[in-house]
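# Give me a 3D structure for the following:
(one chain, ligands or ions: 1)
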Amino acid sequence: MNVADEVKRCLSGRQVGEFYGFEPNRAGYISCPFHHEKTASLMLYKEAGRGWYCFGCNQGGSVIDFVMALFGLSFQQAVIRLSFDFKLGLAPTRATPQEASEILAERRAEAARREQERVDYAFLASEFRYWQEAAKVFAPTRETGGFFHPLYVEAVKRLPYLEYWLDEHLGR
Ligand SMILES: [Zn+2]
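This is a model prediction of the structure:
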């Protein structure tokens, strides 16, 4: 079997679409990137060996056709790209459909981790600003006669941890 056939046999339209950033809806459709549309009418088949079909513009084909059209590549370039991205064919060991799924799952998990970290960072940065402000506003003064406002106490407790966390995650 040649590399192109191998690529088609191992991969599904759905794996390839998701790998390149598309998010199929429950029924397996995405908005077609090849014609302008609001509804999702391009089916990414989830069975290995099947590609895609757009019911809007009546185009379809294999995963190789999809990558050719998506990135404006020749047939051979698209085969190489898929082989490389899914570690098929051109890699010393060929991935099984199972391994291709795992590569995709890893990539998704990595994207989710990065997104979570971004959300955490934004949240903790706003917490940090809040408690910094609280430490200033509720700082004990001569007039309070040494009384420590609970929010000041809380702020002093929290700020070092927040500062440490934000430093650790800066620029990631
Ligand atoms: Zn279309």
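# Please count neighbours and contacts with C-alpha atoms only from this point.
Noted.
# any idea how far the residue lying closest to Glu37 once chain neighbours are set aside is from the ion?
Distances taken as CA to CA, 6 or more residues apart in numbering put Ser31 closest to Glu37, at 6.6 Å, once the chain neighbours are dropped. With the distance defined as CA to the ion, to the nearest Å, Ser31 ends up 8 Å from the ion.
# so what's Ser31 up against?
Ser31 makes contact with 37-42, according to CA atoms under 8 Å, 6 or more residues apart in numbering.
# Need the per-residue pLDDT for the residue in the chain that the ion sits nearest to.
Relative to the ion, the nearest point of the chain is Cys57 (4.0 Å; CA to the ion). Looking at Cys57, its pLDDT stands at 94.
# Where do the strands of the chain begin and end?
Across the chain, reading from the start of the chain, the strands by DSSP state E fall at 29-30, 42-44, 52-54, 59-61.
# Pick the most deeply packed of these.
strand 42-44 (a mean of 25; mean count of other CA atoms under 10 Å).
# Name every strand pairing with it and say which way it goes.
strand 29-30 (antiparallel), strand 52-54 (antiparallel) (DSSP bridges).
# Need those strands in a markdown table (columns: distance to Val137 and mean pLDDT).
As requested, these are arranged in a markdown table below (distance: least, CA to CA, whole Å; pLDDT from 0 to 100):
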| stretch | distance to Val137 | mean pLDDT |
| --- | --- | --- |
| strand 29-30 | 52 | 96 |
| strand 52-54 | 60 | 97 |
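# Distance to His149 for the ones you listed - can I get that in CSV?
As requested, the strands paired with strand 42-44 are arranged in CSV below (distance: least, CA to CA, whole Å):
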stretch, distance to His149
strand 29-30, 55
strand 52-54, 64
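# Do a quick rundown of the helices in this structure.
3-10, 13-19, 63-71, 75-85, 97-137, 150-169 (DSSP state H).
# ok, Arg50 - contacts?
With the criterion set at CA under 8 Å, 6+ apart, Arg50 makes contact with 8-9, 11-13, 62-63.
# please redo it, this time with the cut-off set to 7 Å
The neighbours of Arg50, taking CA atoms under 7 Å, 6 or more residues apart in numbering as the test, are 12-13, 62.
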